[in-house]
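1. Okay, structure incoming, though there's no sequence with it:
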């Protein structure tokens with residue numbers, strides 16, 4: 001029982017880590033630059049959130065077969081869109097602060113402003129969002145394994161144990 005829980009948690013944490021890095025980067029860039037970059041990234045998130053995850057996962061399992069790497073990739077693709085809007089909203093509020101304007105006046109590059117001044121203000125939001133997403137990703141992995149579209153049956157995971 002504990003080994004299956006360890007596998008499910010490992011898959012969820014690795015997928016979440018990849019998804020959070022990608023989602024945070026997209027949110028930081030979209031919020032900081034705005035304009036067409038912001039519109040394009042937000043419409044991409046809208047389209048991605050509108051797609052049915054289980055249907056795509058079953059289709060991927062039929063097309064590519066069952067493996068841990070495919071499940072992790074699918075879960076990372078689910079996890080990236082969850083925090084983009086929240087990170088973007090935080091960046092929109094932080095970029096109007098005086099210390100950002102002073103950094104811009106001092107000649108700091110956009111990359112330096114994002115990494116040294118905005119990212120530390122967004123880390124709390126990212127940690128909270130990541131913590132809230134872990135349970136959902138574990139349930140998604142268990143659902144995929146239960147339906148036969150997740151991790152192969154020889155590997156003990158929560159979904160495989162239930163089925």
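-> Received the coordinates, thanks. Everything numeric here is computed off the predicted structure, so don't read it as measured data. Residues are numbered from 1 along each chain as shown.
2. CA only for contacts and neighbour counts going forward, please
-> Will do.
3. Without its sequence neighbours, what residue ends up closest to residue 19?
-> The shortest distance from residue 19 to any non-neighbouring residue, by C-alpha to C-alpha, 6 or more residues apart in numbering, is to residue 80 (4.0 Å).
4. separation between that neighbour and residue 96?
-> According to C-alpha to C-alpha, to the nearest Å, residue 80 stands 25 Å off from residue 96.
5. just residue 112 next, same as before
-> 16 Å.
6. So between these two, which is more surrounded?
-> Using other C-alpha atoms under 10 Å, the more surrounded residue of residue 112 and residue 96 is residue 112, with 14 against 11.
7. host element of the more buried one?
-> Assigned by DSSP states H and E, residue 112 belongs to helix 110-112.
8. Quick one: residues in contact with that helix.
-> Applying C-alpha atoms under 8 Å, 6 or more residues apart in numbering, helix 110-112 has no contact partners.
9. On the pLDDT front, check residue 121 for me.
-> Model confidence at residue 121, given as pLDDT, is 92.
10. burial count for the spatially closest residue to it that is not a sequence neighbour?
-> Among residues not flanking residue 121 along the chain, residue 94 sits closest, at 7.5 Å (C-alpha to C-alpha, 6+ apart). Residue 94 has 19 neighbouring residues, counting by other C-alpha under 10 Å.
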